[in-house]
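In: Fold the following for me, if possible:
(chains A and B)
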Amino acid sequence: MILTRRALVGAATASAGVLLAGCDKIIQHPAARKILFMGEDMNKGLQRALTNRDALAPEFTPAQMSPIFRSNGTRNPGTPAYTALLADNFADYRLQVGGLVARPLSIALPQLRQMPQRSQITRHDCVEGWSAIGKWRGPTLGRILKAAGMRPDARYIVFTCADLYRGTPYYESIDLIDAFHPQTILAWALNDRVLDVAHGAPVRLRVERQLGYKHAKYVMRVDAVASLAGIGKGKGGYWEDNVDYDWYAGI
Amino acid sequence: MTTDTRHVIKRHAVVTRVWHWVTAITMFIMIGSGVGILKAHPRFYWGRYGANFDSAWTTLDQWPGWVVTGLNLITIPVRYNLAISRRWHLLFALVLSFALLGFMIVSLVNRHFQRDLRVKAADLAPHAVAHDVREHLAFRFHDSARPGAYNILQKLSYVVTIFVLIPLMIFTGLAMSPNMDAAWPWLLEIFGGRQSARSIHFIAASGLVLFIIAHLALVILAGAWNEVRSMITGRWRVPEDAA
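Out: Below is the predicted model:
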């Protein structure tokens, strides 16, 4: 009896160890990795199928805001080009809107601030697990894209940023469902103050139904594209390309 | 082993057995990958928001060394990789959820829940519970009149796991999804905000770990091979103490 028990405890512990090591081993196999990575499309498909695609992210009252809104990722791009823009208080900054659009745009900050604005107090959720609630202000991305005139073959919007990772600009992308969502804005103010460098000055994306790494900071270019292939390593973003983060960060 | 003349009964339906093992493997992956995700921000808060400048009710550096060592031993993947932990966690979350849903439907239809897990008021009378606690301490787990039936502590632990802890894991998990919060804002209402949901997710996960430890210990004490076999083949030999 005792032997049986010992054997079983031993076998259970050993199989747990094998299973753990196996989890790491198995996903080095391309087919297993493919199955593991199917979870992203399954979650995206289920969420898009079962929930309202136009649903608004919860908005909060000023009393519910975080006392300190933590910054993350790049705190200052620090490149000569960015430093020069910053020294001049972004007077020479132009947001370039291009790609598959009828009328490419070049928008200065004062123009951006004169467009109809949306203010929203929303929760920012980092992939790491923390959340911060803050008030963002800026024109909707949809309005800017409409002004530029999207071509019918456009499927994604790509954001190219001023900060460099491994020598290339940070970039992110979203699909048209999120691009034209009423809460998707290009924010230039946080908590009623002009956006500071740590939080993405002069302009950052807010895409409120996805995790923080999708909210590109220091946005320099917005491009409509038909496919993400050929951009970066083709997975739609810096983290997606380099460390296997999900492109769909709605969960 | 003596020649066995003891009674063998059919104990677990095939759906129960399949669900048990699917969930056992899934739990193992969910706990391991969940620990991996926890390590990305090992601080817990109550309320809607919570980050490094906000006050946490618990953080990993307050936990005893043996807990941290234990967590390190079960992390998936072994080397910290948030993206891969999330890939495991979010794929197997679907397996866990839909397996539970299927098991619940079948168990209502085949009356497994009503027959075996229904907790009656009389079961919860203090003397009945006290009696069962004494029986456990004496390592007697079966009622000789009905050896196939679950005792009250066992029933309660299964009911809490199946109807409280695992559903709590699923719904607090969904409440952490920014897209689900937009679609189903009631998720935030019932848990009191995303960071509260994350804390409850962690507490319920700790409850599941305690259940698994107790479950494994009792399987061993009740006769490991007989119990494991019954969950594989469905056939369970009535133990001597209950025969």
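In: Going by C-alpha atoms from here, please, whenever you check contacts or count neighbours.
Out: OK.
In: What strand or helix carries the spatially closest residue to residue B:175 that is not a sequence neighbour?
Out: What sits nearest to residue B:175 in space, not counting adjacent residues and going by Cα to Cα, 6 or more residues apart in numbering or on different chains, is residue B:187, at 5.3 Å. Following DSSP states H and E, one finds residue B:187 within helix B:186-191.
In: Would you map the helices across the stretch 101-250 of chain A?
Out: Taking DSSP state H, counting those that start in this stretch to define them, one finds helices in the stretch 101-250 of chain A at A:109-114, A:141-148, A:176-179, A:238-243.
In: can you list the residues of chain B near chain A?
Out: The interface of chain B toward chain A, taken as Cα under 8 Å from any Cα of the partner chain, is made up of B:37-38, B:40-41, B:48-54, B:74-78, B:82-84, B:87-88, B:90-91, B:174, B:176-185, B:194-195, B:220, B:223-225.
In: re earlier: compile the helices of the stretch 101-250 of chain A into CSV and extend it with columns for mean pLDDT.
Out: Shown next, in CSV, are the helices of the stretch 101-250 of chain A (pLDDT from 0 to 100):
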stretch, mean pLDDT
helix A:109-114, 98
helix A:141-148, 98
helix A:176-179, 97
helix A:238-243, 96
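In: Nearest to chain B, out of these?
Out: helix A:238-243 (6.7 Å; Cα to the nearest Cα).
In: other SSEs contacting that closest one?
Out: strand A:168-175 (3 or more Cα pairs under 8 Å, 6 or more residues apart in numbering or on different chains; DSSP states H and E).
In: what packs against the strand it packs on?
Out: Packing contacts for strand A:168-175, counted by 3+ Cα pairs under 8 Å, 6+ apart, involve strand A:156-165, helix A:238-243.
In: angle of the first one against helix A:141-148?
Out: The directions of strand A:156-165 and helix A:141-148 differ by 110 degrees, with axes from the mean of the first three to the mean of the last three Cα atoms, to 10 degrees as the criterion.
In: Note down every partner strand of strand A:156-165 and its orientation.
Out: strand A:168-175 (antiparallel), strand A:219-225 (antiparallel) (DSSP bridges).
In: Report pLDDT for residue 151.
Out: You didn't pick a chain, so chain A it is. You'll see residue A:151 listed with a pLDDT of 98.
In: should've been chain B
Out: 90.
In: Please look at it and residue B:140 and confirm they touch.
Out: No - using Cα atoms under 8 Å, residue B:151 is not in contact with residue B:140; the gap is 10.1 Å.
In: Show me what residue of the stretch 151-251 of chain A gets nearest to chain B.
Out: Taking Cα to the nearest Cα, chain B has its nearest neighbour within the stretch 151-251 of chain A at residue A:251, 4.1 Å off.
In: Can you name the residues that contact that residue?
Out: A:43, A:210, A:211, B:174, B:176, B:177, B:178, B:179, B:180 (Cα atoms under 8 Å, 6 or more residues apart in numbering or on different chains).
In: go again using 7 Å as the cut-off
Out: By Cα atoms under 7 Å, 6 or more residues apart in numbering or on different chains, residue A:251 lies in contact with B:177, B:178, B:179.
In: ok so it is a helix residue?
Out: No - applying DSSP: H, G, I helix; E, B strand; the rest coil, one finds residue A:251 to be coil, outside a helix.
In: all strands in chain A, in order from the N-terminus.
Out: Assigned by DSSP state E, the strands in chain A fall at A:94-99, A:105-108, A:118-125, A:131-138, A:156-165, A:168-175, A:185-187, A:189-190, A:193-194, A:204-206, A:219-225.
In: how deep is residue 92 tucked in, by neighbour count?
Out: Reading this off chain A. If you count neighbours by other Cα atoms under 10 Å in any protein chain shown, residue A:92 ends up with 12.
In: um, chain B though
Out: Here the number of neighbours of residue B:92 (other Cα under 10 Å) works out to 21.
In: what does the one 3 residues further on give?
Out: If you count neighbours by other Cα under 10 Å, residue B:95 ends up with 16.
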